[in-house]
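1. please find the sequence and the predicted model below.
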Amino acid sequence: MRTSTSPTVAVGAAAVLGTGATALLDLGLLAPAALAIGVALAFAAVVLLSAPTTADAGSRIHRALVTPIALVLSVVLGLLAAAVLDWWLIEPVAYALGALIGSAGAFLVYRRLPTQLALAFAAVAVAGVLALSVTAVVLWVSGTDPFRAFGRMIEFGTRPDNLVRIVNAATTFYLSAVAVAIGFKMKLFNIGVDGQYRLAALLAAAVGGAWVLPPVIHQIVIVLVAVAVGGFWAGIAGYLKVTRGVSEVISTIMLNSIATGITAYLLNTDRLAVEISTNNIGTTPIAESGWVPGIPAGFMGADREIYGLVVLAVAVGVGYWLMLNRTRFGFDLRATGQSPTAARASGVNVKRMVLLSMVISGMIAGLVGIPQLLGQSHYYALDFPVGLGFTGIAIALLGRNHPVGVAFAALFWAFLDQASQILDIDGIPKEIAVVTQATIVLTVVVVYEVVHRWGLRYQQQQVGKDLGRVEVASS
């Protein structure tokens, strides 16, 4: 392995080169192009001045795959940072800072990106290209220029107000996907998130509208009710599985139907509902003390507000990662999902893990409707968003159950939903976005599995070669 300079020197050299090159190139090129070239030069400096620190850094696949993927990730990181900073700062400063972030990120990504994670990124990239290609073919066959359609979607979807809508939608998508992902980690298919969040939102809205409590306490009570209802409803499926062996797929599907019936029964003017408008009924509106203020988005030129509970989604994502990777419960959960027999042999109570996993999944599912409830509608009505649970399944698959992957998948899904609205105006079927969503989920699952198996086979070959060398040396 090559001898590397000190990390401080490498990072400093990359940052100075990337930022300086971007500032100079910005005088004659478009800012994104200048940043991309600047970060690429910084990445080249990182490759020359440092060496990867992962265990498989010397392997052929690492050299062939990790380096180009790390370069792409560094450039994308710089572009994203610049795009966000451009909302507050003038363009030259924003892109110079974006280049600084991308150049520093190049050092970390190049040194610490493992082969397996690089393979995952490659799989997602290949799947994205395939999905867009299929969508382009469908558009072309239907007589529509694919480049025009994609261009209109990007232009419309990146308008400030639409970006706010995308972030708000992605917040609820993310919570739904994390709820599903927790079940997936245990090889449990919690298909009942849809019923869990709708029932939780209804009862939380009813409790929140029934009393006026001091601020903070009011919001906490509403959230706790939603969490308790969601956890209880999912816990029924978990209990049936561990005590009667009932498949969670069957039980959660049936519980979805039961939740729909209970919701329809309770959402009646003779029970929990009041008349909201001529054609709409809902729970008693929550007093202002129970609202969660939005985050003003004027800095990006938007008139709308970002849900204040986007912070809740971030906290759930961080908690999910910490639980999986930094706790004994998370280790037991992953071990049980990989092999219940082996987990049982090591002393893990598998039935308890199944029940707790379903309950925790339901508790997160109970939060799905809360950002909308406390940030915008302030009551549960007939027009409350439905189907978010099934969307969460697709997003969890797309994000490979990883908290960061799921976040990007949720934003991408929300972008397609919002950006496709312009297609109707242009006479293009907006259902083309559904084609893209379905295709990319299918291709991600298939391509990731192919790449994953190929990576495992390569690792086995490397282990075999290493063992052969050891035997030869010992003889």
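-> Happy to help now that I have it. Quantities reported herein were computed from a predicted structural model and do not represent experimental measurements.

2. rest of the way, CA atoms for contacts and neighbours
-> OK.

3. which residues of the stretch 1-150 of the chain score low on pLDDT?
-> 1-4, 58 (pLDDT under 70).

4. now the helices for it?
-> Secondary structure of the stretch 1-150 of the chain, counting by DSSP state H, counting those that start in this stretch: helices at 7-25, 31-49, 60-61, 67-85, 91-112, 115-141, 146-157.

5. JSON lines for the ones you listed, including mean neighbour count?
-> Conversion of the helices of the stretch 1-150 of the chain to JSON lines gives the following (neighbours: other Cα atoms under 10 Å):
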{"stretch": "helix 7-25", "mean neighbour count": "21"}
{"stretch": "helix 31-49", "mean neighbour count": "24"}
{"stretch": "helix 60-61", "mean neighbour count": "14"}
{"stretch": "helix 67-85", "mean neighbour count": "21"}
{"stretch": "helix 91-112", "mean neighbour count": "25"}
{"stretch": "helix 115-141", "mean neighbour count": "18"}
{"stretch": "helix 146-157", "mean neighbour count": "17"}
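
6. got these as CSV, with distance to residue 198 columns?
-> Formatted as CSV, the helices of the stretch 1-150 of the chain follow (distance: least, Cα to Cα, whole Å):
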stretch, distance to residue 198
helix 7-25, 49
helix 31-49, 43
helix 60-61, 47
helix 67-85, 34
helix 91-112, 41
helix 115-141, 31
helix 146-157, 28
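
7. do you know which of those helices lies nearest residue 404?
-> helix 115-141 (12.0 Å; Cα to Cα).

8. which neighbouring elements make contact with the closest one?
-> For helix 115-141, the packing partners by 3 or more Cα pairs under 8 Å, 6 or more residues apart in numbering; DSSP states H and E come out as helix 67-85, helix 146-157, helix 432-474.

9. if you set the cut-off to 6 Å instead, what comes out?
-> Contact here means 3 or more Cα pairs under 6 Å, 6 or more residues apart in numbering; DSSP states H and E; on that basis helix 115-141 packs against helix 432-474.

10. any idea of the mean pLDDT in the helix it packs on?
-> For helix 432-474, mean pLDDT is 75.

11. just the residues contacting stretch 336-350, thanks.
-> Applying Cα atoms under 6 Å, 6 or more residues apart in numbering, the external contacts of stretch 336-350 come out as 185, 186, 187, 335.

12. go with 7 Å
-> By Cα atoms under 7 Å, 6 or more residues apart in numbering, the surrounding residues in contact with stretch 336-350 are 185, 186, 187, 332, 335.

13. quick one: the third one from residue 359, how far?
-> Distance of residue 187 to residue 359, computed by Cα to Cα, to the nearest Å: 15 Å.

14. repeat for residue 246
-> Per Cα to Cα, residue 246 is found 16 Å from residue 359.

15. circling back to that earlier point, residue 187 and residue 359: which has the busier surroundings?
-> Higher neighbour count among residue 187 and residue 359: residue 359, with 26 against 17, using other Cα atoms under 10 Å.

16. ok, the more buried one - contacts?
-> 231, 232, 234, 235.

17. if we use 10 Å, what do you get?
-> Residues counted as contacts of residue 359 (Cα atoms under 10 Å, 6 or more residues apart in numbering) are 179, 183, 227-228, 230-239, 353, 365.

18. check which helix or strand the closest residue to residue 182 other than its chain neighbours maps to.
-> Spatial nearest neighbour of residue 182, chain neighbours left out: residue 361 (5.8 Å); criterion: Cα to Cα, 6 or more residues apart in numbering. If you go by DSSP states H and E, residue 361 is part of helix 350-365.

19. mind checking how far that helix is from the chain centre?
-> 21 Å (Cα atoms, centre = their mean, to the nearest Å).

20. how about stretch 157-168?
-> 17 Å.

21. list the buried residues of that stretch.
-> Buried residues in stretch 157-168, counted by 16 or more other Cα atoms under 10 Å: 157, 160, 161, 162, 163, 164, 165, 166, 167, 168.

22. quick check: the last one touching residue 297?
-> I take that to be residue 168. No - between residue 168 and residue 297 there is no contact under Cα atoms under 10 Å: 11.8 Å.

23. list residues touching both of the two?
-> Residues touching both residue 168 and residue 297 (Cα under 10 Å, 6+ apart): 305, 306.

24. pLDDT averaged over stretch 331-351 - what is it?
-> If you average the pLDDT over stretch 331-351, you get 90.

25. ends of that stretch, what's the gap?
-> Start and end residues of stretch 331-351 are separated by 15 Å (Cα to Cα).

26. buried set for it?
-> So stretch 331-351, judged by 16+ other Cα under 10 Å, has buried residues 332, 333, 334, 335, 336, 337, 340, 343, 348, 350, 351.

27. what does stretch 293-303 give?
-> Residues of stretch 293-303 classed as buried: 294, 296, 297, 300, 302 (neighbour count, 16+ other Cα under 10 Å).

28. between those, which is closest to residue 100?
-> For the buried residues of stretch 293-303, the minimum distance to residue 100 (Cα to Cα) is 21.6 Å, reached by residue 300.

29. give me the pLDDT for that closest one.
-> With respect to pLDDT, residue 300 scores 81.

30. quick check on it: phi, psi?
-> Per-residue torsions, residue 300: phi -110, psi 10 (degrees, to the nearest 10).

31. what of the one 4 residues further on?
-> Recorded main-chain torsions at residue 304 are phi -90, psi 170, according to degrees, to the nearest 10.

32. give the contact list for it.
-> By Cα under 10 Å, 6+ apart, the contact list for residue 304 reads 160, 161, 162, 163, 164, 165, 294, 295, 296, 297, 298.

33. check the gap between it and residue 160 for me.
-> To residue 160, residue 304 is 9 Å away according to Cα to Cα.

34. what touches both of those two?
-> Common contacts of residue 304 and residue 160 (Cα under 10 Å, 6+ apart): 297, 298.

35. from what I see, the residue nearest to residue 182 and residue 237 are in contact.
-> No - under the criterion of Cα under 10 Å, residue 361 is not in contact with residue 237, lying 11.2 Å apart.

36. tell me the contacts of residue 454?
-> 119, 448, 460.

37. count of neighbours near residue 416?
-> Using other Cα under 10 Å: residue 416 sits among 20 other residues.

38. make that residue 222, sorry
-> A total of 27 residues lie near residue 222 under the criterion other Cα under 10 Å.

39. OK, contacts around it?
-> 200-201, 203-209, 216, 286, 290-291, 367, 370, 373-374.

40. repeat the analysis, applying 6 Å as the threshold.
-> Contact partners of residue 222, counting by Cα under 6 Å, 6+ apart, are 204, 208.

41. check which helix or strand it maps to.
-> Assigned by DSSP H and E, residue 222 falls in helix 217-244.

42. buried residues in the helix or strand just after that helix, which are they?
-> Following helix 217-244 in sequence order, the next helix or strand is helix 248-266 (DSSP H and E). For helix 248-266, the neighbour count (16+ other Cα under 10 Å) marks 248, 249, 251, 252, 253, 254, 255, 256, 259, 260, 263, 266 as buried.
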